[in-house]
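Asker: Model the following, please.
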Amino acid sequence: MNRRDFISMAGAGIALAGSSLGAEKRVRIGVIGTGHRGTSLTRLMTVFGFVDIPALCDINPDHLALAQQVVTDSGRPKPEGYSRSEVDYRRLLERDDLDGVLIAAPWEWHVRMATDSMKAKKYTGCEVPIANNTDECWEIINTQEDTKTPCMMLENWSFRRDNLAVLNMVRKGMFGDITYVQGAYAHDCNDEWFFNPDGTNTWVGDHLMNRNADQYPSHGLGPILSWLDINCGDYPEYQTSTSTRAIAVNRWFQRKFPDNPMTHTPVMQGDIVTSVIRTFKGRNIVIWNDMVSPRPYDNQWQLSGTNGIYSHQHNALYIEGVTPPPPERHRETSSATPSAHPLPPRNASHVNEWWEPFDSYQEKYDHVWHREAAQIASTLRTDVVSHGAPDYLEIKFFVEAARDKGPLPLDIYDSVLMCAPVGLSDTSIANGSAPVPFPDFTRGRWRTRKPYFALEQS
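Answerer: You can find the predicted model right below:
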């Protein structure tokens with residue numbers, strides 16, 4: 001698509017994908033779960049003129065009604081609603097006028113809804129995490145292989161502009177042989193996700209009370225899989241995980257709700273969980289979960305190779321033989337970014353090793369997906385595309401694949417592998433941070449599979 005493919009939708013203030021191909025060939029997508037995220041995905045789909053939304057499902061009638069209004073406000077017919085019971089989504093899946101389904105329900109429903117959707121021969125896109133333990137990972141894999149129905153997890157951070165630019169640089173060999181990567185989901189979710197304004201638990205908060213694991217690894221891990229060609233030439237061999245004590249949630253309640261019983265109720269989830277994954281090629285992947293500590297949002301991606309290093313925290317890199325000496329003004333007291341450490345004195349032997357800003361590299365190695373879509377996505381209201389171009393891209397590719405009966409941008413093996421650390425961390429922590437073998441969800445095919453994600457034409 002290009003800018004000519006988009007016209008202004010009167011009254012809505014958003015761009016509408018209206019190419020001649022889109023006008024001739026349409027796709028029909030249903031949505032299961034129309035809470036905050038599901039309604040956001042529904043609103044985003046209205047951007048694409050070739051998408052019809054015949055059916056929506058949610059047990060909360062207010063959520064369902066709001067999502068239906070989002071569709072009718074876009075000029076489309078009102079979708080049929082399904083809300084009789086927790087399993088009424090199965091009636092939606094029985095419809096013969098749906099090509100695909102997006103799932104944005106509570107975590108514990110993801111695997112059963114995704115497997116039911118695949119069995120109903122619907123292209124399936126499921127929010128993160130698509131699985132919560134190893135058995136569920138295998139259930140998703142087995143169902144996809146049995147039904148041959150495409151399914152992907154909607155891991156939007158795999159589609160970020162900076163991560164895709166780094167991927168291009170990795171594929172050009174600029175960092176040399178990669179030896180170490182890290183990523184995190186470091187995000188204070190007490191107010192945002194885990195607890196209601198009155199201090200009661202949300203469904204997500206219930207997970208804190210009943211489990212100690214890295215319960216949300218995919219945002220940190222998603223981009224790393226493509227950087228290392230995991231599932232396509234390398235694969236995790238084993239994982240170890242370590243948890244801190246659980247204290248931050250109680251302290252949060254002491255500050256905000258001092259009379260609430262949660263000020264002293266035991267919480268299973270440790271404040272920070274750190275996992276180390278060792279691959280068969282001898283590379284280390286470090287991911288950690290920090291969702292209850294008071295802190296700003298941070299994904300903490302870092303990539304180290306034999307030629308240099310990239311740091312998301314610093315928005316900077318250093319490449320031996322490529323990064324020039326620092327400007328004179330940086331030599332003694334400053335560095336590439338305010339967050340980087342000051343440089344050593346001028347007479348130090350490593351004075352020329354400094355964090356070079358990443359911005360110019362991002363421009364130079366910008367992925368074609370972002371060159372074509374970022375300007376369009378930037379025109380959309382934040383309530384239409386809450387995470388910018390990454391959300392836009394993953395939904396664009398999903399609805400186009402469902403329309404054209406083509407491959408999805410992320411396959412089921414990558415989708416499952418992003419979630420496998422949840423169950424493995426649970427087991428490792430419970431056994432004193434013992435190593436846990438990584439199941440081979442590809443059944444050995446990772447040794448010969450070729451990279452497929454975000455390939456650009458040379």
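Asker: Looking at this structure, which helix is longest?
Answerer: helix 412-430 (DSSP state H).
Asker: can you count the residues close to Tyr216?
Answerer: 24 (other C-beta atoms under 10 Å). Where you see a C-beta, it was placed from the backbone N, CA and C, and this is true even at glycine.
Asker: Let me know the secondary structure of it.
Answerer: coil (DSSP: H, G, I helix; E, B strand; the rest coil).
Asker: Could you report the distance from the nearest residue to it once chain neighbours are set aside to His219?
Answerer: Among residues not flanking Tyr216 along the chain, Tyr185 sits closest, at 4.9 Å (C-beta to C-beta, 6 or more residues apart in numbering). Applying C-beta to C-beta, to the nearest Å, the value for Tyr185 to His219 is 5 Å.
Asker: Buried residues of the longest helix of the chain, list them for me.
Answerer: 412-426, 428-429 (16 or more other C-beta atoms under 10 Å).
Asker: Dihedrals phi and psi, Cys151?
Answerer: phi -150, psi 140 (degrees, to the nearest 10).
Asker: who's in contact with the residue nearest to it when sequence neighbours are not counted?
Answerer: Closest residue to Cys151 apart from its sequence neighbours, by C-beta to C-beta, 6+ apart: Thr124 at 4.1 Å. Applying C-beta atoms under 8 Å, 6 or more residues apart in numbering to Thr124 gives the contacts Gly100, Val101, Ile103, Ala114, Ser117, Met118, Thr149, Pro150, Cys151, Met152.
Asker: In a strand, the last one, correct?
Answerer: Spelled out, that is Met152. Yes - Met152: assigned to a strand according to three-state DSSP.
Asker: pretty sure it contacts Ile412?
Answerer: Yes - at 6.9 Å, Met152 counts as touching Ile412 under the criterion of C-beta atoms under 8 Å.
Asker: Now list whatever residues contact both of Tyr185 and His219.
Answerer: By C-beta under 8 Å, 6+ apart, Tyr185 and His219 have these common neighbours: Asn299.
Asker: Mind telling me what element Met38 is part of?
Answerer: Small correction: residue 38 is Gly, not Met. helix 36-45 (DSSP states H and E).
Asker: Same question for Asp162.
Answerer: Using DSSP H and E, Asp162 falls in helix 161-171.
Asker: And for that helix, what's in contact with it?
Answerer: Contacts to helix 161-171, defined as C-beta under 8 Å, 6+ apart, come from residues 157, 175, 178, 223, 226-227, 301, 303, 310, 312, 358, 361-362, 365-367, 369-370, 374, 389-390, 454, 456.
Asker: What is the neighbour count of the nearest residue to Phe194 once chain neighbours are set aside?
Answerer: Leaving aside its chain neighbours, Phe194 sits nearest to Gly205 (3.8 Å; criterion: C-beta to C-beta, 6+ apart). Per other C-beta under 10 Å, the neighbour tally for Gly205 reads 21.
Asker: measure Gly205 to His219 for me?
Answerer: 19 Å.
Asker: Compute the distance between Met262 and Arg245, please.
Answerer: Using C-beta to C-beta, Met262 is found at 16 Å from Arg245.
Asker: again with Phe438
Answerer: Taking C-beta to C-beta as the measure, Phe438 falls 27 Å from Arg245.
Asker: One more: Phe280?
Answerer: Going from Phe280 to Arg245 by C-beta to C-beta gives 33 Å.
Asker: Comparing these two, which residue is more hemmed in?
Answerer: The residue with more neighbours, out of Phe280 and Arg245, is Phe280; 14 against 9, by other C-beta under 10 Å.
Asker: my guess is the more buried one meets Tyr235, correct?
Answerer: Yes - Phe280 is within contact range of Tyr235, at 5.5 Å (criterion: C-beta under 8 Å).
Asker: circling back to that earlier point, neighbouring strands for the helix or strand following the longest helix of the chain, and are they parallel or not?
Answerer: Downstream of helix 412-430, the first helix or strand assigned by DSSP H and E is strand 436-437. Strands flanking strand 436-437 in the sheet, each with its direction: strand 236-243 (antiparallel) (DSSP bridges).
Asker: contacts for the partner strand?
Answerer: For strand 236-243, contacts defined as C-beta under 8 Å, 6+ apart pick out 212-214, 230, 270, 272-280, 285, 417, 420-421, 424-425, 428-429, 433-438.
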